[in-house]
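Participant: give me a model of this one.
(one chain, ligands or ions: 1)
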Amino acid sequence: MRLLISTSINFLSLTAKTILKNLSKLLLIAIVGFPLYVAAQDTGKDQIPLDHFYATPRHGSSFFRRALRNFHFGIYTGVGRSYLSTSMSGFGVYQSPGAPPQLFTNSTTTRYTDWVNNAGVDNSPPGSYVVANAGNNIRFKGHALNIPLAATLHYEYKQLRLGGGYSYELMSLGLFHPTTMADKISDMKVSSATGFVRRYWGMVGYSFYRWNDYLFTGDLQVGNYKMKNNYNTAQVTPSTYFNLGVTIERNLSEYLKVFVRPAYEFKSYSLAVSNSGSSLNYSNNMLMVSVGFTYSIPQLPKCVIKQCRAQVDHHHGNRDYRSRVHPFYKKQNPGYGENYPGLKKY
Ligand SMILES: [Zn+2]
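Facilitator: Numbering: from 1, shown residues only. The predicted model follows:
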């Protein structure tokens, strides 16, 4: 019995580990199944007004269009600041006058000129100043500038959202400063400072507040990232990342929304220092504000009658259609349309 319990505990903890490891993949899988589950559900009353202007069309739309209506495609860019930091635990810092600080292990003859994104070896004769076994006494801190370009897809069901995304991000590393002994150790300048970060993620969010035209949604992204180009991918092992933010969005039209999203992100990476058997662990958190658009596929098909000039949702026979003259990016009142706000006689 005891054996059975301990076996099942082992099994559970293994399962938990696997789940944590694959969290971003699971989230992505969940968004595929979730819409199918909710598409058939009746839309009851929402706790907060998610759409306080546009009504949900009732007739003339197929099951697929009803499901599609809640899919939102997005693109965004933004600006971020990364906060990088590492302790020199297990290593020493080597400083010769007028040169950047180098990393060394147990001998001063194998030193590393680069130790942020690529542990490159320097075998030149040692110079004048060395801090052996720097340990936790010396930390280096640095910043980076991040500019992403991302594509997203999410599904909304009442206040809940599930989705994912993919992005490419410019990342430019600044100087790294020692937190102690700054009078003896100089700043570290990474020789190849600019590269790209590739990432994909799963997202879960919850809309919790509306203020006039603005809807507030708290969301969590969990994903995988990889630093490329200027980072040596054979030596760098990035962590899973967790990104917490608030999406503040506003309808431009029934289908098009603009949003801004401040967020904070927790992540890290380790740099394996070749020949040393150990690695430097960098925390690599980030503060980012992104701005973008989301677009959803209209629930009603476009009116099929070429000459029809109706500006609002309307019907022919027993089927509902949306206007064929109203541009998708323009706001319109569902009652009378706002395409031509002036009366025609003026
Ligand atoms: Zn029509």
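Participant: let me see the ranges of the helices in this protein.
Facilitator: Using DSSP state H, the helices of the chain run over residues 2-21, 23-39, 63-68.
Participant: give me the below-cutoff pLDDT ranges for the stretch 51-200 of the chain.
Facilitator: Residue ranges of the stretch 51-200 of the chain with pLDDT under 70: 51-61, 106-109, 122-130, 132-136.
Participant: how close does residue 188 get to residue 272?
Facilitator: 18 Å (Cβ to Cβ, to the nearest Å). For every residue, glycine as well, the C-beta is placed using N, CA and C.
Participant: what about those two, which has more around it?
Facilitator: Neighbour totals were compared for residue 188 and residue 272, and residue 188 leads with 21 against 15 (other Cβ atoms under 10 Å).
Participant: could you give the bridge partners of the residue lying closest to that one once chain neighbours are set aside?
Facilitator: Leaving aside its chain neighbours, residue 188 sits nearest to residue 176 (4.0 Å; criterion: Cβ to Cβ, 6 or more residues apart in numbering). Bridge pairing for residue 176 (DSSP bridges) gives the partners residue 142, residue 188.
Participant: and residue 176, what is it in contact with?
Facilitator: By Cβ atoms under 8 Å, 6 or more residues apart in numbering, residue 176 lies in contact with 84, 116, 140, 141, 142, 187, 188, 189, 190.
Participant: nearest to the ion among these?
Facilitator: Sorting those by distance to the ion puts residue 84 at the head of the list, at 57.8 Å, by Cβ to the ion.
Participant: which ones are touching the spatially closest residue to that closest one that is not a sequence neighbour?
Facilitator: Closest residue in space to residue 84, ignoring its immediate chain neighbours: residue 142 at 4.7 Å, by Cβ to Cβ, 6+ apart. Shown in contact with residue 142 (Cβ under 8 Å, 6+ apart): 84, 85, 116, 173, 174, 175, 176, 177, 188.
Participant: filter those down to the buried ones and hand me the PyMOL line.
Facilitator: Listed next is the PyMOL selection for buried residues among the contacts of residue 142, using 16 or more other Cβ atoms under 10 Å:
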select buried, resi 84+85+116+173+174+176+188
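Participant: quick one: the contacts of residue 142 as CSV, columns for distance to the ion too.
Facilitator: Converted to CSV, the contacts of residue 142 look like this (distance: Cβ to the ion, whole Å):
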residue, distance to the ion
84, 58
85, 61
116, 62
173, 57
174, 58
175, 63
176, 64
177, 66
188, 66
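Participant: for the contacts of residue 142, which one is nearest residue 221?
Facilitator: residue 84 (19.9 Å; Cβ to Cβ).
Participant: looks like the closest one contacts residue 286 (just checking).
Facilitator: No - Residue 84 lies out of contact with residue 286 (Cβ atoms under 8 Å); the separation is 9.4 Å.
Participant: now, which of the contacts of residue 176 sits nearest residue 258?
Facilitator: Nearest member of these to residue 258, counting by Cβ to Cβ, is residue 84, at 31.5 Å.
Participant: could you pull up the residues touching that closest one?
Facilitator: 116, 141, 142, 143, 144, 173, 176, 282, 283, 284.
Participant: max pairwise distance over these: which two?
Facilitator: Farthest pair in the contacts of residue 84 (Cβ to Cβ) is 173 and 283. Separation: 14.3 Å.
Participant: what's across from residue 80 in the sheet?
Facilitator: residue 146, residue 288.
Participant: measure it to residue 285 for me?
Facilitator: As defined by Cβ to Cβ, residue 80 lies at a distance of 10 Å from residue 285.
Participant: looking at these two, which one has more neighbours?
Facilitator: Under the criterion of other Cβ under 10 Å, the comparison of residue 80 against residue 285 puts residue 80 first, with 21 against 17.
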